[in-house]
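K.L.:
Requesting a structural model of the entry that follows:
(2 chains)
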Number of protein chains: 2
Amino acid sequence: MKIGCFTLSGELISKWEIPTRTAGQGSLVLPDIAESIEKKLSEEGESPDTVSGIGVAVPGPVINHSFVKRAVNLGWENLDVRETLRELTGVKNIAVENDAKTAALGEWWKGGHENCSSAVLITIGTGIGGGVIMDGKIINGAFGAAGELSHIQVDPEETEACACGKFGHLQQYASAEGIVREFRKNLTQSGKTSVLSGKPALTAKDIFDAAKAGDEAALTAVRNAARMIARVMGAVSAVIDPELFLIGGGVAKAGDFLLDMIREEFRRVVIFTSEDAAIEPAVLGNDAGICGAVKLVL
Amino acid sequence: MKIGCFTLSGELISKWEIPTRTAGQGSLVLPDIAESIEKKLSEEGESPDTVSGIGVAVPGPVINHSFVKRAVNLGWENLDVRETLRELTGVKNIAVENDAKTAALGEWWKGGHENCSSAVLITIGTGIGGGVIMDGKIINGAFGAAGELSHIQVDPEETEACACGKFGHLQQYASAEGIVREFRKNLTQSGKTSVLSGKPALTAKDIFDAAKAGDEAALTAVRNAARMIARVMGAVSAVIDPELFLIGGGVAKAGDFLLDMIREEFRRVVIFTSEDAAIEPAVLGNDAGICGAVKLVL
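P.N.:
Numbering: from 1, shown residues only, chains lettered A, B, ... in the order given. Okay, the predicted model is just below:
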C-alpha cells in the first residue's frame, strides 16, 4: 500500500509503501495504515494533531465516500472505512473513494490538467479502470458504476463471458490478459505464425515488443486493442464529450506506439464534433492514487 | 414552432404554434417568434415588461447558451440567437440551448423526476436525439457533443456510412429510417417473407404494427433496434451511471412493446451494478422542449 504525506497546499512531502496483509478478511489493512502513519509522525517529531485529513483509495466500489460493500482483493465485506479509520487515528476529516476514480482525480489535479473542465482517465493494466472528472469532481453515478469503462460492450458477437458474466466487454480485448487471449485466439484461427508462436508464458509486454519489432500477428493484436479502446472512447465522447482523455496503466507504458493507434482509431469512430478531444498519456503512475485521495479531503 | 408562456414558478399558462418560415436562410424565424410573443402579450393586455426571460430550443448545436454555428433545418449560419432576440424583444434574460438537450431538461423537470440526481433522455424518431441531465443541469461537453447518443458505434462491421460520415452508429439501426432500412436489408438477405413484403412506402410504424401482430421479420427488426438502443444505454451506464433513462420520440409511441424489449436487452448487456437503473417512457411529448427552455432561464 502506498502512503503519501501532503501539505495543505497540496505539496507531496513524503511517500512510502507498506505490505498489504490480507489475512483475516483484510482486518489488518486499516490498523496497519493507522500504525504506519503514527510511526511516520513520531519519526518526524510531529504530533498526530497535525494531520487535518486522510484520503483513502480503495480497490472496489465505495458508497458515500465511506462504505465498502465488497473489496475482493482485500477480503473486505461491509466495512465502514471512514468510521473505522476515524476510530483508529482520531482524525475526523476522512474521505474514501474507489482507486480508479481517485487516480483520475489525481491525474487531473497533479498531472497538469486543472484547467480542463472534463477529463476521463483510462488505466489499461491487468484489468481496465476508468474515472470521470467533471468540473474538478469525480462522477460517481447512481449505482457507483460511473467510469467502469471496462464493462462497455464492444463486440456483440462474443461467445466467451467477461469476468462480470456479460459478453463482449472491453476488458476481454484490451486488458493485459485480454490482449494475450486475443493474440492466441487469432493465431489459432488464422493459422499464421509469429515470433511468439509456442512461447508458453506470454505477457502483453511480449506482444507489444513483438509488434514494435514488426511481427504481424502481434501488430494485429495491438491494433485490435487500440480499436476497442477507441470504440469505448467514442462512446464516452457521445455521452459527456470530455475535453481530455488520459491513458495510463501498465499496458500504456507502450507509449506513443499504442497512443498513436488509439488516436487514429478514435478519429475514425467518434462523432466529428469531438475529433479534437486531446488524448494524452497519464504521467503520475502509481502516485495518481495518493494525489487524488488527498485532493478529496482538501 | 412551439411557444409557451410560463409563470415564474414554472406553471405553463398557455401554448401555441406558429409556422417555421425557413426562407432567406431562416432570417424570418426569430422576428416571427418576437412578433408572436408581442401579439400574445397585447391580446392578453400585458405589457412587454412582464416577460422576465425567454428560453429557446434550437435544432442544432449551441455554443455558450447563445451562438449557433449551423442549424441545417432552419438555414442558420453563425447566428447569435441571444443577441438577436434581445434586440427584437428588449428582453435581457435569454438562454439558448440545443433542442434534444432542452427536452431532456424539460422531461426531468416537468415529467416528475426532479428528485433524480441524473437522467438521460433518448428520443427515437426520424433521427435519434439525446440529452444528459446531472444535478439538474444539462451536460454540454467540451465540444457541445454530450448526449449525441445517436453517434455511438454499435456495429463495427457496418459498411454503409451514417449521415455523419462514420460507420455503424446507432442512428443507422434504431431511428425510424434505420428500422426501415434494417427491416428491408434483413428481408432481402434472409429471403423470408413478411406481411409487409412488397409494400412500397414503408414506415417504422408499419413495422411496429406488423411486429405486434406477430410478423416474424418485423419482430426481428424491432428486436434489433431495441438491442442497439440497449447497447448504447449500457455504455451510458458505464460512463455516468444515471439513475434514470427516459425513452421518448415518435418511435417510442410503440409503448411497452418496445420499452420491455429495451429493458430486457439492457439488463443483458449492462454492468451488473447498474441493472436497476429505471427505464421509463418520456411523458411530455412535444411540450418537453418549451418546458426545458423555460427551466433554463428560471
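
K.L.:
List the contacts of the residue of the stretch 151-298 of chain A found nearest chain B.
P.N.:
Scanning the stretch 151-298 of chain A for the residue nearest chain B gives residue A:241, at 2.4 Å (criterion: CB to the nearest CB). Backbone N, C-alpha and C define where each C-beta goes, glycine included. By CB atoms under 8 Å, 6 or more residues apart in numbering or on different chains, residue A:241 lies in contact with A:118, A:273-274, A:277, B:139-146, B:148.

K.L.:
Whichever of these end up buried, select them in PyMOL.
P.N.:
To isolate the buried ones among the contacts of residue A:241 in PyMOL, judged by 16 or more other CB atoms under 10 Å in any protein chain shown, type:
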select buried, (chain A and resi 118+273+274+277) or (chain B and resi 139+140+141+142+143+144+145+146+148)
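
K.L.:
Run the contact check for stretch A:62-74 versus chain B.
P.N.:
No. Using CB under 8 Å from any CB of the partner chain, stretch A:62-74 never reaches chain B; the gap is at least 10.1 Å.

K.L.:
CA-only coordinates of that stretch in CSV, if you can.
P.N.:
Taking C-alpha atoms only, stretch A:62-74 is exported to CSV below (Å, rounded to 0.1, in the frame of the first residue of the first chain):
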residue,chain,number,x,y,z
VAL,A,62,-17.3,2.9,-2.4
ILE,A,63,-20.6,4.2,-1.2
ASN,A,64,-20.9,7.8,0.2
HIS,A,65,-17.2,8.4,0.5
SER,A,66,-17.2,5.9,3.3
PHE,A,67,-18.7,2.4,3.0
VAL,A,68,-17.3,-0.6,1.1
LYS,A,69,-19.7,-3.4,0.4
ARG,A,70,-17.1,-5.6,-1.0
ALA,A,71,-13.4,-5.3,-2.0
VAL,A,72,-12.4,-8.7,-3.3
ASN,A,73,-8.6,-8.1,-3.4
LEU,A,74,-8.6,-7.1,0.3
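
K.L.:
which other residues reach it?
P.N.:
Contacts for stretch A:62-74 (CB under 8 Å, 6+ apart): A:20, A:22, A:26, A:29, A:58-61, A:76-83, A:95-98, A:144, A:296.

K.L.:
out of those, who's near chain B?
P.N.:
Contacts with chain B within the contacts of stretch A:62-74, as defined by CB under 8 Å from any CB: A:61, A:144.

K.L.:
contacting residues for residue A:78?
P.N.:
A:67-70.

K.L.:
Likewise for residue A:287?
P.N.:
Contacts of residue A:287 by CB under 8 Å, 6+ apart are A:2, A:4, A:12, A:15, A:106, A:110.

K.L.:
among these, which are in helices?
P.N.:
Among the contacts of residue A:287, the members found in helices (DSSP state H) are A:106, A:110.

K.L.:
Farthest pair within the contacts of residue A:287?
P.N.:
A:2 and A:110 (14.0 Å; CB to CB).

K.L.:
Which one of these two is surrounded by more residues?
P.N.:
Per other CB atoms under 10 Å in any protein chain shown, whichever of residue A:2 and residue A:110 has more neighbours is residue A:110, with 22 against 14.

K.L.:
From residue A:139, how far out is the more buried one?
P.N.:
In this view, residue A:110 and residue A:139 are 19 Å apart by CB to CB, to the nearest Å.

K.L.:
From the contacts of stretch A:62-74, list just the buried residues.
P.N.:
Buried among the contacts of stretch A:62-74 by 16+ other CB under 10 Å: A:26, A:29, A:58-61, A:76, A:79, A:81-82, A:95-98, A:144, A:296.

K.L.:
What is the neighbour count of the nearest residue to residue A:137 once chain neighbours are set aside?
P.N.:
Closest residue in space to residue A:137, ignoring its immediate chain neighbours: residue A:105 at 8.0 Å, by CB to CB, 6 or more residues apart in numbering or on different chains. If you count neighbours by other CB under 10 Å, residue A:105 ends up with 28.

K.L.:
how about residue A:105, what does it touch?
P.N.:
A:97, A:131, A:133, A:137-138, A:291-292, A:295-296.

K.L.:
try 10 Å this time
P.N.:
By CB atoms under 10 Å, 6 or more residues apart in numbering or on different chains, the contact list for residue A:105 reads A:55, A:57, A:97, A:119, A:121, A:131-133, A:136-138, A:288-289, A:291-296.

K.L.:
Equivalent analysis for residue A:128, please.
P.N.:
A:100, A:122, A:148-152, A:169-178, A:228-229, A:232, A:249, A:251.

K.L.:
same check, this time on residue A:277
P.N.:
Counting by CB under 10 Å, 6+ apart, residue A:277 touches A:118-120, A:233-234, A:236-237, A:241-245, A:263, A:266-267, A:270, B:141-143, B:145.

K.L.:
again with residue A:209
P.N.:
When contacts are counted by CB under 10 Å, 6+ apart, residue A:209 touches A:195-196, A:203, A:215, A:218, A:254.

K.L.:
Redo these as a markdown table? Include distance to residue B:35 and secondary structure.
P.N.:
Output for those, formatted as a markdown table (distance: CB to CB, whole Å; DSSP: H, G, I helix; E, B strand; the rest coil):
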| residue | distance to residue B:35 | secondary structure |
| --- | --- | --- |
| A:195 | 75 | coil |
| A:196 | 73 | coil |
| A:203 | 71 | coil |
| A:215 | 70 | coil |
| A:218 | 67 | helix |
| A:254 | 62 | helix |
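
K.L.:
ChimeraX command to pick out the buried ones of the contacts of residue A:105?
P.N.:
Those of the contacts of residue A:105 that count as buried under 16+ other CB under 10 Å are selected in ChimeraX with:
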select /A:55,57,97,119,121,131,132,133,138,288,289,291,292,293,294,295,296
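
K.L.:
Report the helix or strand with the lowest average pLDDT across chain A.
P.N.:
strand A:67-71 (a mean of 90; mean pLDDT, DSSP states H and E).

K.L.:
after that strand, next one along is what?
P.N.:
Using DSSP states H and E, the next helix or strand after strand A:67-71 towards the C-terminus is strand A:76-80.

K.L.:
What strands line up against that next one, and which way round?
P.N.:
Using DSSP bridges, the strands paired with strand A:76-80 are strand A:67-71 (antiparallel).

K.L.:
Closest one to chain B out of the contacts of residue A:78, please.
P.N.:
Of all these, chain B sits closest to residue A:69, with 10.1 Å by CB to the nearest CB.

K.L.:
Number of residues surrounding that closest one?
P.N.:
Around residue A:69 there are 13 residues (other CB under 10 Å).

K.L.:
pLDDT at the residue nearest to residue A:137, what is it?
P.N.:
According to the prediction, residue A:105 has pLDDT 98.

K.L.:
same question, the one 10 residues further on
P.N.:
Here the pLDDT value assigned to residue A:115 is 95.

K.L.:
and the closest residue to residue A:291 other than its chain neighbours, how far is that from chain B?
P.N.:
Excluding its sequence neighbours, the residue lying closest to residue A:291 (CB to CB, 6+ apart) is residue A:106, at 3.4 Å. Look at residue A:106 and chain B: by CB to the nearest CB, to the nearest Å, they are 20 Å apart.
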